[in-house]
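S.K.: Sequence first, predicted coordinates after that:
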Amino acid sequence: MKFPPGFVWGVATSAYQIEGATEEDGRGVSMWDTFSRIPGRVERGETGEVACEHYHRYREDVALMADLGVTSYRFSVAWPRVQPDGRGGPNPKGLDFYSRLVDTLLEHGIDPCPTLYHWDLPQPLSDAGGWLVRDTAHRFAEYAAVVAQRLGDRASTWITHNEPSVSAFYGYGLGRYAPGEMRMLDVFPVVHHLLLSHGLAVRAMRPHLRGDAITGIAHNLSFGRPVSPAPADSDAAELLTALQVHLFCDPAFLGGYPSAVLEHMPVGNAVRDGDLALLTEGHDFLGVNYYGPQYVTAALPGDPLPFRLVDPPEGVRRNELGIAIEPAGLAELLGYLRTRYRSALPPIIITENGTACPDVPAPDGRVEDHDRVSYMDRHLRAVRVAIAEGSDVRGYYVWSLLDNFEWTFGYSKRFGLVHVDRATRERIPKASYHWYRDLIAATR
Ligand code: GCO
């Protein structure tokens, strides 16, 4: 497989999913610490308290990445480590950790790609209303400036938010993720404050960033797919696509919110004068997290949403989380973005792509995850197709380096290229790790 010169090969992780050490070195409490302790929220009552012990084993993990040959590492910074209360003077020990991590990466020739927010809002800010309140966007900008001040001399690719749509819909709409609110589609203020906070953060970070620094958001973008060709199902699928793609990308690339989507969401008075200009700022690239499409049918009477999320139909392959596996959907999505946003669309970085497999080690300790190899191979071929058709894709990050805390699934689902033993945290590279290493070596 050939890729454009300078193509970035990476792996991605997030703080709460791997770090552990949640009570060390002055880290504050995040809304995920709180949420995961509520009985029934996470399988087997698991939490991120220990996770992969990455906070203490980061050198070993960077060595694994160096062997793998990745050119970049996408990690997230835990806001509560940097500002335990979500505001005010920084906690030096928290910042030191990320500074050491960045230095270690650079020693191995790996570019650090920090993400500032992967869902772990400091608890005091969540208690004060979280992303429902505008003040959180200003607090985020202040936090972003603190991190940029410390890491901005060494990191050049910056992501503010990971998947604002998951923050909004899973966190505040469906109650599946922290903070667990069930407002259904009544989450427009959350969406707006998240997107607004990107513009505010980029403005606050700029003075501290290197001249060659680029900034963007990682959105999870996927299509709604109708389970049947019936018009009501197609309409439902179109609405879901609009909620996932248009609602989050139109403000940046078309200069405003999609009015058809807003008919389904109470807008209130969240948008103030000057906000729309801020929404278009700081998009040097678009981060695309792609796993697979979401199947839907028309809503039934009494449903809380204007569509019904359903499992993929018979015959569609799915991963351990039940997500449909459709590599061609990635090329289709990239084409859709080209057509919808034309010259306003910046270069794209695939900031996450990966799958969960059973991954049971054989008696000799090897993990032969051939399904993951096939998943990555087919998705990278889809990226090639999109590039040939005109997409400007600059890089690809596998989700994830390590088996980790998979949110409400706890540790029961494995996404890693590296197997992590749940009792000893011993790391064992899987077959997919070796495959990815060979691929990177062959393409460089
Ligand atoms: C996401 C998150 C990851 C998940 C992954 C698998 O993109 O949803 O970045 O934290 O672990 O997506 O569900």
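M.R.: That came in fine, so what should we check first? Numbers count the residues shown, from 1 in each chain.
S.K.: Any buried residues in stretch 172-188, and which?
M.R.: For stretch 172-188, the neighbour count (16 or more other CB atoms under 10 Å) marks 172-175, 177-181, 183-188 as buried. Heads up, the C-betas are built off the backbone N, CA and C, glycines and all.
S.K.: again with stretch 38-45
M.R.: Arg41, Val42.
S.K.: Does at least one residue of it sit close to the ligand?
M.R.: No. Stretch 38-45 lies out of reach of the ligand by CB under 6 Å from any ligand atom, never closer than 13.0 Å.
S.K.: how far out from the middle of the chain is that stretch?
M.R.: The chain centroid and the centroid of stretch 38-45 are separated by 22 Å, computed with CA atoms, centre = their mean, to the nearest Å.
S.K.: Nearest to the ligand among the buried residues of stretch 172-188?
M.R.: Distance to the ligand across these (CB to the nearest ligand atom) is lowest for Tyr177, with 9.4 Å.
S.K.: tell me which element the closest one is part of?
M.R.: Per DSSP states H and E: Tyr177 is located in neither a helix nor a strand.
S.K.: Tell me which residues touch it, please.
M.R.: Residues in contact with Tyr177 (CB atoms under 8 Å, 6 or more residues apart in numbering) are Phe35, Trp119, Val166, Ser167, Tyr170, Gly171, Trp407, Thr408.
S.K.: next one: Cys113
M.R.: Residues in contact with Cys113 (CB under 8 Å, 6+ apart) are Gly10, Ser72, Tyr73, Arg74, Phe75, Ala155, Thr157, Trp158, Ile159, Tyr397.
S.K.: now with 7 Å?
M.R.: By CB atoms under 7 Å, 6 or more residues apart in numbering, Cys113 lies in contact with Gly10, Ser72, Tyr73, Arg74, Thr157, Ile159.
S.K.: Does Pro363 belong to a helix, a strand or coil?
M.R.: On the three-state scheme (DSSP: H, G, I helix; E, B strand; the rest coil), Pro363 is labelled coil.
S.K.: Near it, how many other residues are there?
M.R.: 5 (other CB atoms under 10 Å).
S.K.: Now the residue nearest the centre of the chain, what are its backbone angles?
M.R.: With distances taken as CA atoms, centre = their mean, Asn162 lies nearest the centre of the chain, 3.8 Å away. Asn162 adopts backbone torsions of phi -100, psi 120, taken as degrees, to the nearest 10.
S.K.: Give me the spatial nearest neighbour of it, chain neighbours excluded.
M.R.: Once flanking residues are discounted, Asn162 sits nearest to His118: 4.4 Å by CB to CB, 6 or more residues apart in numbering.
S.K.: Could you give the number of residues near that neighbour?
M.R.: 25.
S.K.: Phi and psi next, for it.
M.R.: When read as degrees, to the nearest 10, the backbone of His118 gives phi -120, psi 50.
S.K.: Contacts only, for it.
M.R.: Ser14, Ala15, Tyr16, Ser76, Asn162 are the contacts of His118 under CB under 7 Å, 6+ apart.
S.K.: out of these, which touch the ligand?
M.R.: Subset of these in contact with the ligand: Ser14, Asn162, counting by CB under 6 Å from any ligand atom.
S.K.: Mark which of the contacts of His118 are part of helices, please.
M.R.: Applying DSSP state H to these, the entries found in helices are Ala15, Tyr16.
S.K.: just the buried members of the contacts of His118?
M.R.: When the contacts of His118 are checked against 16+ other CB under 10 Å, the ones flagged as buried are Ser14, Ala15, Tyr16, Ser76, Asn162.
S.K.: Check the gap between the third one and Ala277 for me.
M.R.: Which is Tyr16. The spacing between Tyr16 and Ala277, counted by CB to CB, to the nearest Å, is 33 Å.
S.K.: go on, the last one?
M.R.: According to CB to CB, Asn162 and Ala277 sit 24 Å apart.
S.K.: try the fourth one
M.R.: Relative to Ala277, Ser76 is positioned 27 Å away (CB to CB).
S.K.: again, but for the second one
M.R.: The gap separating Ala15 from Ala277 is 31 Å, by CB to CB.
S.K.: Same check on the first one?
M.R.: Taken as CB to CB, the spacing of Ser14 relative to Ala277 amounts to 30 Å.
S.K.: And the contacts of stretch 120-129?
M.R.: 15-16, 28-32, 34, 78-80, 83-86, 130, 136, 139, 179.
S.K.: tell me the mean pLDDT for that stretch?
M.R.: Mean pLDDT, stretch 120-129: 98.
S.K.: first to last residue in it, what's the distance?
M.R.: Start and end residues of stretch 120-129 are separated by 14 Å (CA to CA, to the nearest Å).
S.K.: try stretch 295-307
M.R.: Start-to-end span of stretch 295-307 (CA to CA) is 10 Å.
S.K.: cool, and stretch 309-321?
M.R.: With CA to CA as the measure, stretch 309-321 spans 14 Å from end to end.
S.K.: Equivalent analysis for stretch 381-398, please.
M.R.: End-to-end distance for stretch 381-398: 14 Å, by CA to CA.
S.K.: For that stretch, list every residue counted as buried.
M.R.: For stretch 381-398, the neighbour count (16+ other CB under 10 Å) marks 382-387, 391, 393-398 as buried.
S.K.: how about those in JSON lines, adding pLDDT?
M.R.: Output for the buried residues of stretch 381-398, formatted as JSON lines (pLDDT from 0 to 100):
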{"residue": "Ala382", "pLDDT": "98"}
{"residue": "Val383", "pLDDT": "98"}
{"residue": "Arg384", "pLDDT": "98"}
{"residue": "Val385", "pLDDT": "98"}
{"residue": "Ala386", "pLDDT": "98"}
{"residue": "Ile387", "pLDDT": "98"}
{"residue": "Ser391", "pLDDT": "98"}
{"residue": "Val393", "pLDDT": "98"}
{"residue": "Arg394", "pLDDT": "98"}
{"residue": "Gly395", "pLDDT": "98"}
{"residue": "Tyr396", "pLDDT": "98"}
{"residue": "Tyr397", "pLDDT": "99"}
{"residue": "Val398", "pLDDT": "99"}
